[in-house]
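J.: From the sequence below, what's the structure:
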Amino acid sequence: MHKDPKEYFMGKVDEDIREIEEQLDELETKLEDAEWEPELDYATQIDNIRLRLKELQQELDRFEAISGSTWSEFKKNYENKLSEISNDAQELTSGLDKFLLE
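T.: Numbering: from 1, shown residues only. All right, here's what the predicted structure looks like:
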């Protein structure tokens, strides 16, 4: 049996958000273990990404009332925002990996 497209979308997005949160958790652990001077700057960036994820999750929670063409627009905009946040998290990870050891 196939899932409703909205249900599938919500499940996929929840999974993507969890992956980004796990990535941020790993970064925080690396920063804490490194006792690196610029840690605060990166911690602020991590907090900013977490805030954006929380706001995006709240948008998803409100989406249930959306249908029709509005749903398509919502989905496209939501996917774009999630992609931007994911890219920012990946760039932060890549930047920190240059300075921090595993």
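J.: Output the below-cut-off pLDDT ranges for this protein.
T.: Within the chain, the stretches with pLDDT under 70 are 1-3, 36-40, 64-65, 67-69, 100-102.
J.: Mind jotting down where the helices sit in it?
T.: Listed in chain order, the helices of the chain (DSSP state H) span 5-34, 39-62, 68-97.
J.: For burial, what's the neighbour tally of residue 81?
T.: For residue 81, the neighbour count with other C-beta atoms under 10 Å is 15. In short, each C-beta sits where N, CA and C put it, glycine included.
J.: measure it to residue 49 for me?
T.: Computed as C-beta to C-beta, to the nearest Å, the residue 81 to residue 49 distance reads 12 Å.
J.: try residue 19
T.: The spacing between residue 19 and residue 49, counted by C-beta to C-beta, is 13 Å.
J.: Likewise for residue 60?
T.: Note on residue 60: its distance to residue 49, by C-beta to C-beta, is 16 Å.
J.: out of these two, which sits in the busier spot?
T.: Applying other C-beta under 10 Å to residue 60 and residue 49 shows that residue 49 carries more neighbours, namely 20 against 17.
J.: Now do the contacts for that one.
T.: Applying C-beta atoms under 8 Å, 6 or more residues apart in numbering to residue 49 gives the contacts 20, 24, 85, 88, 89, 92.
J.: what about the residue lying closest to the first one once chain neighbours are set aside, how many residues close to it?
T.: It stands for residue 20. Spatially, and ignoring its direct neighbours in sequence, residue 20 is nearest to residue 89 (5.1 Å; C-beta to C-beta, 6 or more residues apart in numbering). Neighbour count of residue 89, defined by other C-beta under 10 Å: 22.
J.: Would you quantify the distance from residue 89 to residue 66?
T.: Distance, residue 89 to residue 66, using C-beta to C-beta: 26 Å.
J.: likewise residue 45?
T.: For residue 45, the distance to residue 66 equals 31 Å [C-beta to C-beta].
J.: Could you do residue 85 as well?
T.: Using C-beta to C-beta, one gets 20 Å for the distance from residue 85 to residue 66.
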